[in-house]
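**Q** show me how the following folds:
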Amino acid sequence: MIVVGLVATLAAAFLSTDKLLSAATLEWVEETTLPDSRPVAIPGGGEMRLTDADIKATEDNVGEYRLFRTAAVLNISAGSAVGRARLICAIHVPKKTISTKTYTSRASYPRSSEELSEQGTPGENSAVQFSSHSTEFALVEVGDVLGDRYTRRKGIVVEWPTYRIGQQVWKYGMPPGRLDEDLRLPMVSIWRTTAKPAGRISCTVENASGSATVSTAGKLGA
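**A** Presented below is the predicted three-dimensional model:
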């Protein structure tokens, strides 16, 4: 009974924290920086652009799969007309790519949340399901993009729509009013593949005055 209780306690801790008792720490051994998008005017005022975008990959495992991440930061300037706007960001990867999972969800950040400012990031590393070094999970770095919080701006909600192969999408709902300071929204998604890692990242704002889109793309070894 003691053993069973201990296992149950460990399992509960695992589920609640998404942390692992044992996992291989993998390094990103190959990377490419994606170009910053050009600044694009938001209808009604302000501008946005994508920066700090990259693709990073691990070495292959014995099954010839590798992990790779696609990451970027959407920057929206202070005073932008995004109150009550619809904001959609998406990462598209080749269709032979497989979405990687943590113990509880897809390995994409941020996750659906009714209050993004209160959602914690995974910290320095994300624990994902990946067979390597005789373990079934691997730790890979994401903290350099996500930091310790997604945003301090109150009232932002985010939703994952129905999953489709080869893409990760975030739908943001923005609070009323113009931004009183610059807004930074980071995003990361982790995948596995036997092909060359590649990705296209885009964000579109739609408000009462119109819409605007920014995007960037690239692949390893390009």
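**Q** helix/strand/coil for Ala138?
**A** At Ala138 the chain is in strand, as set by DSSP: H, G, I helix; E, B strand; the rest coil.
**Q** now the residue nearest to it when sequence neighbours are not counted: how far from Glu206?
**A** Of all residues not flanking Ala138 in the chain, Phe130 sits nearest, at 4.2 Å (Cβ to Cβ, 6 or more residues apart in numbering). Every C-beta, even on glycine, is put in place using the N, C-alpha and C of the backbone. Phe130 is 36 Å from Glu206, where distance means Cβ to Cβ, to the nearest Å.
**Q** can you check Ser22 too?
**A** From Ser22 to Glu206 the distance is 45 Å (Cβ to Cβ).
**Q** more neighbours, the two?
**A** Per other Cβ atoms under 10 Å, whichever of Ser22 and Glu206 has more neighbours is Glu206, with 15 against 8.
**Q** for the more buried one, give me phi and psi.
**A** Note on Glu206: backbone dihedrals following degrees, to the nearest 10 are phi -120, psi 120.
**Q** quick check: it touching Arg86?
**A** Yes. Using Cβ atoms under 8 Å, Glu206 makes contact with Arg86 at a distance of 4.5 Å.
**Q** quick one: strands adjacent to the helix or strand Gly199 falls within?
**A** Using DSSP states H and E, Gly199 sits in strand 198-207. According to DSSP bridges, strand 198-207 forms sheet pairs with strand 86-92 (antiparallel), strand 210-219 (antiparallel).
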